[in-house]
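Novice: Mind looking at a prediction? Sequence and model below.
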Amino acid sequence: MQLQGRVALVTGAASGIGAAIARAYAAEGADLVVVDRDGDRVQALARELPSATAHALDVTDAEATRRVVDGVAAEHGRLDVLVNCAGILTEVPLVEMDVDTWDRMIDVDLRSVFLMSRWAAPHMVARNWGRIVNVASQLGLKGGESLTHYSAAKAGVIGFTKAAARELAPHGVLVNAIAPGPVNTPLVDGLSPEWKRAKQAELPLGRFGDPEEIAPTAVLLASDPGGNLYVGQTLGPNSGDVMP
(Lines give C-alpha, C1' and ligand atoms only; values in the text may rest on other atoms or scores of the structure.)
Protein backbone atom coordinates (compact mmCIF):
# COMPACT_ATOMS: atom_id res chain seq x y z
CA MET A 1 0.00 0.00 0.00
CA GLN A 2 2.69 2.45 -1.05
CA LEU A 3 0.16 5.09 -2.14
CA GLN A 4 -2.27 4.83 0.76
CA GLY A 5 -3.87 8.22 1.36
CA ARG A 6 -2.54 9.77 -1.83
CA VAL A 7 -4.83 11.35 -4.43
CA ALA A 8 -3.68 10.45 -7.94
CA LEU A 9 -4.93 11.59 -11.35
CA VAL A 10 -4.06 9.49 -14.41
CA THR A 11 -4.69 10.65 -17.98
CA GLY A 12 -5.06 8.31 -20.94
CA ALA A 13 -6.40 5.73 -18.54
CA ALA A 14 -8.94 3.95 -20.74
CA SER A 15 -6.44 1.44 -22.13
CA GLY A 16 -2.83 0.38 -22.46
CA ILE A 17 -0.18 1.80 -20.14
CA GLY A 18 -2.54 4.34 -18.59
CA ALA A 19 -5.01 1.65 -17.55
CA ALA A 20 -2.22 -0.52 -16.16
CA ILE A 21 -0.88 2.39 -14.09
CA ALA A 22 -4.37 3.16 -12.81
CA ARG A 23 -4.86 -0.44 -11.71
CA ALA A 24 -1.44 -0.51 -10.04
CA TYR A 25 -2.13 2.74 -8.18
CA ALA A 26 -5.50 1.45 -7.01
CA ALA A 27 -3.83 -1.74 -5.76
CA GLU A 28 -1.38 0.42 -3.81
CA GLY A 29 -4.20 2.26 -2.04
CA ALA A 30 -4.46 5.54 -3.97
CA ASP A 31 -7.66 7.55 -4.17
CA LEU A 32 -7.79 7.53 -7.93
CA VAL A 33 -9.18 9.82 -10.62
CA VAL A 34 -8.94 8.49 -14.18
CA VAL A 35 -9.55 10.55 -17.31
CA ASP A 36 -9.64 9.82 -21.01
CA ARG A 37 -11.38 11.14 -24.10
CA ASP A 38 -13.17 7.76 -24.30
CA GLY A 39 -15.67 8.39 -21.54
CA ASP A 40 -17.40 5.02 -21.68
CA ARG A 41 -14.20 3.00 -21.36
CA VAL A 42 -12.74 5.11 -18.59
CA GLN A 43 -16.00 4.93 -16.65
CA ALA A 44 -15.90 1.14 -17.03
CA LEU A 45 -12.37 1.11 -15.64
CA ALA A 46 -13.37 3.22 -12.65
CA ARG A 47 -16.13 0.76 -11.80
CA GLU A 48 -13.50 -1.98 -11.51
CA LEU A 49 -11.35 -0.10 -9.03
CA PRO A 50 -11.80 0.85 -5.38
CA SER A 51 -11.98 4.57 -4.61
CA ALA A 52 -11.89 5.56 -8.30
CA THR A 53 -13.82 8.23 -10.18
CA ALA A 54 -13.70 8.98 -13.90
CA HIS A 55 -14.10 11.95 -16.24
CA ALA A 56 -14.28 12.16 -20.01
CA LEU A 57 -11.66 14.74 -20.95
CA ASP A 58 -9.96 16.17 -24.01
CA VAL A 59 -6.48 16.76 -22.62
CA THR A 60 -5.71 19.34 -25.32
CA ASP A 61 -8.49 21.66 -24.06
CA ALA A 62 -7.03 24.26 -21.71
CA GLU A 63 -10.21 25.20 -19.89
CA ALA A 64 -11.53 21.64 -19.61
CA THR A 65 -8.26 20.39 -18.14
CA ARG A 66 -8.17 23.26 -15.66
CA ARG A 67 -11.72 22.50 -14.51
CA VAL A 68 -10.97 18.82 -13.97
CA VAL A 69 -7.71 19.40 -12.08
CA ASP A 70 -9.14 22.15 -9.88
CA GLY A 71 -12.26 20.04 -9.30
CA VAL A 72 -10.23 17.04 -8.15
CA ALA A 73 -8.20 19.21 -5.76
CA ALA A 74 -11.36 20.81 -4.39
CA GLU A 75 -13.21 17.52 -3.93
CA HIS A 76 -10.35 15.69 -2.26
CA GLY A 77 -8.67 18.64 -0.60
CA ARG A 78 -5.41 17.82 -2.36
CA LEU A 79 -3.77 16.42 -5.49
CA ASP A 80 -0.65 14.42 -4.77
CA VAL A 81 0.22 12.57 -7.98
CA LEU A 82 -0.33 13.37 -11.65
CA VAL A 83 0.45 10.83 -14.37
CA ASN A 84 0.46 12.23 -17.90
CA CYS A 85 -0.12 9.18 -20.09
CA ALA A 86 -2.55 10.41 -22.76
CA GLY A 87 -1.13 10.00 -26.25
CA ILE A 88 -1.61 9.04 -29.86
CA LEU A 89 0.69 7.27 -32.30
CA THR A 90 0.59 7.35 -36.09
CA GLU A 91 3.11 6.18 -38.66
CA VAL A 92 3.80 8.66 -41.49
CA PRO A 93 7.04 9.30 -43.43
CA LEU A 94 8.28 12.87 -43.05
CA VAL A 95 8.01 13.59 -46.78
CA GLU A 96 4.34 12.60 -46.73
CA MET A 97 3.29 14.22 -43.44
CA ASP A 98 0.73 17.00 -43.55
CA VAL A 99 0.71 19.87 -41.09
CA ASP A 100 -2.50 18.77 -39.39
CA THR A 101 -0.97 15.38 -38.56
CA TRP A 102 2.06 17.10 -37.02
CA ASP A 103 -0.05 19.58 -35.05
CA ARG A 104 -2.39 16.92 -33.72
CA MET A 105 0.54 14.85 -32.43
CA ILE A 106 2.12 17.80 -30.66
CA ASP A 107 -1.23 18.78 -29.15
CA VAL A 108 -2.05 15.38 -27.70
CA ASP A 109 1.40 14.11 -26.75
CA LEU A 110 3.10 17.34 -25.61
CA ARG A 111 0.63 20.20 -25.09
CA SER A 112 -1.44 17.98 -22.81
CA VAL A 113 1.58 17.39 -20.54
CA PHE A 114 2.06 21.13 -20.18
CA LEU A 115 -1.63 21.80 -19.52
CA MET A 116 -2.16 19.12 -16.91
CA SER A 117 1.12 19.94 -15.17
CA ARG A 118 0.43 23.66 -15.28
CA TRP A 119 -2.86 23.27 -13.43
CA ALA A 120 -1.69 20.55 -11.04
CA ALA A 121 1.62 22.08 -9.93
CA PRO A 122 0.18 25.00 -7.90
CA HIS A 123 -1.92 22.61 -5.82
CA MET A 124 1.17 20.51 -5.10
CA VAL A 125 3.43 23.50 -4.39
CA ALA A 126 0.85 24.81 -1.90
CA ARG A 127 1.26 21.62 0.14
CA ASN A 128 5.02 21.28 -0.47
CA TRP A 129 4.58 17.72 -1.81
CA GLY A 130 3.75 16.24 -5.16
CA ARG A 131 4.77 13.88 -7.92
CA ILE A 132 4.37 14.37 -11.67
CA VAL A 133 5.10 11.33 -13.84
CA ASN A 134 5.24 11.94 -17.59
CA VAL A 135 5.05 8.98 -19.96
CA ALA A 136 7.46 9.68 -22.82
CA SER A 137 9.08 7.08 -25.11
CA GLN A 138 12.51 5.75 -25.92
CA LEU A 139 11.92 7.24 -29.38
CA GLY A 140 12.19 10.65 -27.75
CA LEU A 141 15.82 9.70 -27.10
CA LYS A 142 16.74 7.91 -30.32
CA GLY A 143 14.11 8.76 -32.94
CA GLY A 144 12.13 6.39 -35.11
CA GLU A 145 11.59 5.96 -38.82
CA SER A 146 8.24 7.35 -40.01
CA LEU A 147 7.72 8.71 -36.50
CA THR A 148 9.32 12.16 -36.63
CA HIS A 149 6.24 13.82 -35.14
CA TYR A 150 5.94 11.28 -32.33
CA SER A 151 9.68 11.34 -31.60
CA ALA A 152 9.68 15.13 -31.47
CA ALA A 153 6.70 15.24 -29.12
CA LYS A 154 8.24 12.69 -26.76
CA ALA A 155 11.61 14.44 -26.83
CA GLY A 156 9.67 17.54 -25.82
CA VAL A 157 8.14 15.66 -22.91
CA ILE A 158 11.61 14.67 -21.70
CA GLY A 159 12.90 18.24 -22.00
CA PHE A 160 9.81 19.58 -20.24
CA THR A 161 10.32 17.05 -17.45
CA LYS A 162 13.89 18.17 -16.79
CA ALA A 163 13.05 21.87 -16.79
CA ALA A 164 9.94 21.48 -14.62
CA ALA A 165 11.88 19.29 -12.19
CA ARG A 166 14.42 22.06 -11.65
CA GLU A 167 11.69 24.59 -10.93
CA LEU A 168 9.50 22.46 -8.72
CA ALA A 169 11.89 20.29 -6.69
CA PRO A 170 12.68 23.12 -4.22
CA HIS A 171 8.94 23.14 -3.46
CA GLY A 172 8.77 19.42 -2.75
CA VAL A 173 7.32 18.49 -6.14
CA LEU A 174 9.29 15.83 -8.04
CA VAL A 175 8.89 15.57 -11.80
CA ASN A 176 10.16 12.53 -13.70
CA ALA A 177 9.54 10.67 -16.93
CA ILE A 178 9.17 7.08 -18.05
CA ALA A 179 10.40 6.26 -21.56
CA PRO A 180 9.05 2.81 -22.40
CA GLY A 181 10.15 0.84 -25.38
CA PRO A 182 7.55 -0.76 -27.64
CA VAL A 183 4.70 -2.13 -25.57
CA ASN A 184 1.78 -4.33 -26.55
CA THR A 185 -0.95 -1.68 -26.50
CA PRO A 186 -3.67 -0.52 -28.90
CA LEU A 187 -1.35 2.32 -29.97
CA VAL A 188 1.44 0.00 -31.08
CA ASP A 189 -1.08 -2.37 -32.63
CA GLY A 190 -1.80 0.38 -35.16
CA LEU A 191 1.76 0.37 -36.53
CA SER A 192 2.62 -1.65 -39.61
CA PRO A 193 3.69 -5.31 -39.25
CA GLU A 194 6.94 -4.40 -41.02
CA TRP A 195 7.77 -1.72 -38.45
CA LYS A 196 7.00 -4.06 -35.56
CA ARG A 197 9.08 -6.93 -36.98
CA ALA A 198 12.06 -4.64 -37.57
CA LYS A 199 11.79 -3.13 -34.09
CA GLN A 200 11.52 -6.48 -32.34
CA ALA A 201 14.65 -7.68 -34.14
CA GLU A 202 16.58 -4.71 -32.69
CA LEU A 203 15.70 -5.42 -29.06
CA PRO A 204 18.27 -7.23 -26.89
CA LEU A 205 15.39 -8.73 -24.91
CA GLY A 206 13.83 -9.93 -28.15
CA ARG A 207 10.26 -8.93 -27.32
CA PHE A 208 7.93 -6.02 -26.70
CA GLY A 209 6.82 -5.22 -23.16
CA ASP A 210 3.36 -5.45 -21.64
CA PRO A 211 1.63 -2.52 -19.91
CA GLU A 212 1.80 -4.30 -16.55
CA GLU A 213 5.60 -4.27 -16.86
CA ILE A 214 5.63 -0.47 -17.13
CA ALA A 215 3.24 0.29 -14.26
CA PRO A 216 5.65 -0.62 -11.41
CA THR A 217 8.00 2.16 -12.53
CA ALA A 218 5.14 4.64 -12.18
CA VAL A 219 4.44 3.27 -8.70
CA LEU A 220 8.10 3.71 -7.75
CA LEU A 221 8.22 7.33 -8.89
CA ALA A 222 5.05 8.18 -6.95
CA SER A 223 6.04 6.37 -3.77
CA ASP A 224 7.61 7.59 -0.53
CA PRO A 225 10.43 6.89 0.22
CA GLY A 226 11.10 4.89 -2.95
CA GLY A 227 10.73 7.84 -5.30
CA ASN A 228 12.19 10.52 -3.08
CA LEU A 229 15.52 11.00 -4.86
CA TYR A 230 14.32 10.90 -8.47
CA VAL A 231 14.40 14.44 -9.86
CA GLY A 232 14.18 15.11 -13.60
CA GLN A 233 15.03 11.52 -14.44
CA THR A 234 13.93 9.46 -17.43
CA LEU A 235 13.56 5.80 -16.52
CA GLY A 236 13.67 3.33 -19.38
CA PRO A 237 11.75 0.04 -19.22
CA ASN A 238 12.47 -0.47 -22.93
CA SER A 239 13.62 -4.08 -23.55
CA GLY A 240 17.18 -2.76 -23.96
CA ASP A 241 16.40 -0.53 -26.94
CA VAL A 242 18.15 2.46 -25.30
CA MET A 243 20.98 2.08 -22.79
CA PRO A 244 21.97 5.57 -21.50
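Specialist: Great, that's in hand. Computed from a predicted structure; not experimentally measured.
Novice: Might one say that Ser239 is in contact with Val183?
Specialist: No: between Ser239 and Val183 there is no contact under C-beta atoms under 8 Å: 9.0 Å. Quick note: C-beta positions are derived from backbone N, CA and C, even for glycine.
Novice: shared neighbours of the two, which are they?
Specialist: 208-209 (C-beta atoms under 8 Å, 6 or more residues apart in numbering).
Novice: Give the buried residues for the strand or helix carrying Ala64.
Specialist: Per DSSP states H and E: Ala64 is located in helix 62-76. Buried residues in helix 62-76, counting neighbours by 16 or more other C-beta atoms under 10 Å, are found at 64-65, 68-69, 72-73, 76.
Novice: by contact count, what packs against it?
Specialist: strand 7-10, strand 31-36, helix 112-127 (3 or more C-beta pairs under 8 Å, 6 or more residues apart in numbering; DSSP states H and E).
Novice: Can you list the strands that the helix or strand just after that helix pairs with?
Specialist: Counting by DSSP H and E, the next helix or strand C-terminal to helix 62-76 is strand 81-84. Sheet partners assigned to strand 81-84 using DSSP bridges are listed as strand 7-10 (parallel), strand 130-135 (parallel).
Novice: Name the nearest residue to Leu9, sequence neighbours excluded.
Specialist: Once flanking residues are discounted, Leu9 sits nearest to Val33: 4.5 Å by C-beta to C-beta, 6 or more residues apart in numbering.
Novice: Same question for Pro182.
Specialist: Phe208 (4.5 Å).
Novice: what's the pLDDT at Leu187?
Specialist: If you check Leu187, the pLDDT there is 83.
Novice: hang on, it in a helix?
Specialist: Yes: when classified by DSSP: H, G, I helix; E, B strand; the rest coil, Leu187 is found to be part of a helix.
Novice: Number of residues surrounding it?
Specialist: Residues contacting Leu187 under the criterion other C-beta atoms under 10 Å number 18.
Novice: ok, and the closest non-adjacent residue to it?
Specialist: Spatially, and ignoring its direct neighbours in sequence, Leu187 is nearest to Leu89 (4.2 Å; C-beta to C-beta, 6+ apart).
Novice: Which pLDDT does the model give the residue nearest to Asn238 when sequence neighbours are not counted?
Specialist: The shortest distance from Asn238 to any non-neighbouring residue, by C-beta to C-beta, 6+ apart, is to Gly181 (3.0 Å). Predicted confidence (pLDDT) for Gly181: 94.
Novice: give me phi/psi at Gly181?
Specialist: For Gly181, the backbone dihedrals (degrees, to the nearest 10) come out as phi -80, psi -160.
Novice: So it is in contact with Leu203, correct?
Specialist: Yes: using C-beta under 8 Å, Gly181 is in contact with Leu203, at 6.9 Å.
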